[in-house]
Structure formats: structure tokens, C-alpha cells
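*Asks:* sequence and computational prediction follow.
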Amino acid sequence: MSGTTPQAVVERVLELARADGCMVLVEDGAAANLRWAGNSLTTNGATRSRTVTVIALRASSRGVSVGARTRTGVAGDDLEDLVRAAEGAAGQALPAEDAAPLLEPGHTRVSEDAEWDAPVPCTDVSVFSGLAPGLGRAFMRGSAAGRRLYGYAEHTVSSTFFGSSTGVRLRHDQPSGTVELNAKTGASFSAAEGGHSAWVGRATRDFADVDVEALEEALERRAGWAQRRVDMPAGRYETLLPPSAVADMMSLL
């Protein structure tokens, strides 16, 4: 879909639709990442993606049937095939027991104030311009202290566009980022041989609020905890998790 805006894709799909009702979702994503290992930056990169979902509704005397199809990387000539595939699925589906009329403009439960025609935001490796120098200083300190740093940072900007045959137009832009930093000490990573490992993670919208030194201090503190070893028999024990670990577990649940 090079050169075609997501807004134009929404309008084109609705123009092609022949079903009794149609909805379309276009999700545009941009991502940038940075990796490091053994106190050295290793790779960085940036990607772009687009996913188009078409939901067709067919009305009959028995009710309303729904068909949906999703594709990635569709080109302009592929949109009609996608629309027909969704309509074909709707024609073969049984009526949906929970079918409801499509909402009209002004009747949605989410804000319709987002500027529909605004340019789609993007991201690239420049988002790490404040993070990378801090990592460089941490690498030098780590090398001097016999500590190796490993990790990964990623920034994504996801823009979702929704349109319906009743005239509803909605969009949402969501920037998000994460940084994960792991420190390893000792000639061996084995705790039995004096090696220790600690991890910290942080979520951010734009990396402007990420303090590498603060993350480094947290790693040193956790690595210090690992230096005290207590052998215990097998059994069930209370385990205390840091907030970031709890948050990661809850998101998966």
C-alpha cells in the first residue's frame, strides 16, 4: 500500500462494498528497535506494517450474517478481492444471534474528536537519541566493574482507523515503548560458580523519561541481593515480585 494513506484505504473499501452493511479496520504500525549485548550495541532497525480487516453484513429473512477477513500487505488491486472474500464469508455464515444495527455518527461511546485526516505518526531509531548515549556510559562503567549488560529497546506507533457504511469514522494513535536491561556478573553465569544475573524493565511513550543510570542502579541493587545465597529444601515458599514483573504477568493473564 505504498503511497496510499490508511484513510484512503477505508474509503476505497467502503466504496467497493456491496453488502447490506460494512465495517473496515486499517491498522498502520511503525516500529524501531535497538539491541545490545556484552556492553556493546549490536543491531538496530525499523519496520512498517499495515493490516486491513473487512467485516461484511448480510441481511435476510432469518437475520443478519457476519463475515470477516483480514490481510496484511495488501496492495490497491487486492482490496476488492478482500472485500469480496468478506462478503462471501458473510453469505455462507449463519445469522448472528447478537447482531445489532451499525452505529450512526454521533452515537459511538468513544470520542469522535480525533482529526481523521491528520498525517499518520511514525517512528525511527532517532527516538533512541537520548537513550543510546546513556547506554554507552553504562557500558563503560560495566566493563570497569566486570559487569556485562544485555538488553533490548523497542518503540512502536500504532494508528487504527475505523470506518463504517453508516458514516462513522474513528481513529486512535498509540505510541508505546519498552526497554529491558539485563546485567550479568562473574566469569560464569552460574550462581553456583559466583555468577549473578539481574533484570529491570521500563515502559515509556517516547523514551524521554527513561533514566539509564537509574536502571543501572536498580540492576546493581538486585545483583547485590543475589550475592546472598541460602540453600532451602524443596517446598512451597512465598515469593515477592517487583511491580514490573507483576505487571507483565497480569498483561498476559
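*Replies:* On my side now, so go ahead.
*Asks:* could you pull out the helices for the stretch 101-250 of the chain?
*Replies:* Under the criterion DSSP state H, counting those that start in this stretch, helices of the stretch 101-250 of the chain are mapped to 131-145, 212-226, 243-252.
*Asks:* now the weakest link among the ones you listed, please, by mean pLDDT.
*Replies:* Of all the helices of the stretch 101-250 of the chain, mean pLDDT reaches its minimum on helix 243-252 (a mean of 86).
*Asks:* and the angle for that helix with helix 212-226?
*Replies:* If you take axes from the mean of the first three to the mean of the last three CA atoms, to 10 degrees, helix 243-252 sits at 100 degrees to helix 212-226.
*Asks:* let me know which of the helices of the stretch 101-250 of the chain is the nearest to residue 178.
*Replies:* helix 243-252 (9.9 Å; CB to CB). Yep, even glycine has a C-beta here, placed from its N, CA and C like the rest.
*Asks:* mean neighbour count added to the helices of the stretch 101-250 of the chain, as CSV?
*Replies:* Compiled in CSV, the helices of the stretch 101-250 of the chain are given as follows (neighbours: other CB atoms under 10 Å):
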stretch, mean neighbour count
helix 131-145, 16
helix 212-226, 16
helix 243-252, 10
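*Asks:* using TSV, lay out those together with distance to residue 113.
*Replies:* Output for the helices of the stretch 101-250 of the chain, formatted as TSV (distance: least, CB to CB, whole Å):
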stretch	distance to residue 113
helix 131-145	32
helix 212-226	36
helix 243-252	28
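*Asks:* biggest strand in the protein, by residue count?
*Replies:* Within the chain, and with DSSP state E defining each element, the longest strand by residue count is strand 41-60.
*Asks:* adjacent strands (with direction) for that strand?
*Replies:* Partner strands for strand 41-60, per DSSP bridges, with pairing direction: strand 21-36 (antiparallel), strand 63-72 (antiparallel).
*Asks:* check which helices and strands the lowest-mean-pLDDT helix or strand in the chain sits against.
*Replies:* When each helix and strand of the chain is scored by mean pLDDT, DSSP states H and E, helix 243-252 comes last, with a mean of 86. For helix 243-252, the packing partners by 3 or more CB pairs under 8 Å, 6 or more residues apart in numbering; DSSP states H and E come out as strand 196-204.
*Asks:* for the strand it packs on, buried residues please.
*Replies:* Using 16 or more other CB atoms under 10 Å as the test for burial, strand 196-204 gives 196-202, 204.
*Asks:* nearest to residue 252, of these?
*Replies:* residue 201 (13.8 Å).
*Asks:* pretty sure that closest one contacts residue 178?
*Replies:* Yes - Residue 201 is within contact range of residue 178, at 6.5 Å (criterion: CB atoms under 8 Å).
*Asks:* hmm, back to that, of all the helices of the stretch 101-250 of the chain, which lies closest to residue 158?
*Replies:* helix 243-252 (15.8 Å).
*Asks:* list the residues that contact residue 156.
*Replies:* Neighbouring residues of residue 156 by CB atoms under 8 Å, 6 or more residues apart in numbering: 29-32, 123, 175-177.
*Asks:* out of these, which is most surrounded?
*Replies:* residue 177 (25 neighbours; other CB atoms under 10 Å).
*Asks:* quick one: that residue from residue 70, how far?
*Replies:* The gap separating residue 177 from residue 70 is 26 Å, by CB to CB, to the nearest Å.
*Asks:* what does the pLDDT read for the closest residue to residue 180 other than its chain neighbours?
*Replies:* Of all residues not flanking residue 180 in the chain, residue 201 sits nearest, at 4.6 Å (CB to CB, 6 or more residues apart in numbering). At residue 201, the model reports a pLDDT of 89.
*Asks:* gap between residue 201 and residue 148?
*Replies:* 18 Å.
*Asks:* again, but for residue 139
*Replies:* Residue 139 is 9 Å from residue 148, by CB to CB.
*Asks:* intersection of neighbour lists for the two?
*Replies:* In contact with both residue 139 and residue 148: residue 39, using CB under 8 Å, 6+ apart.
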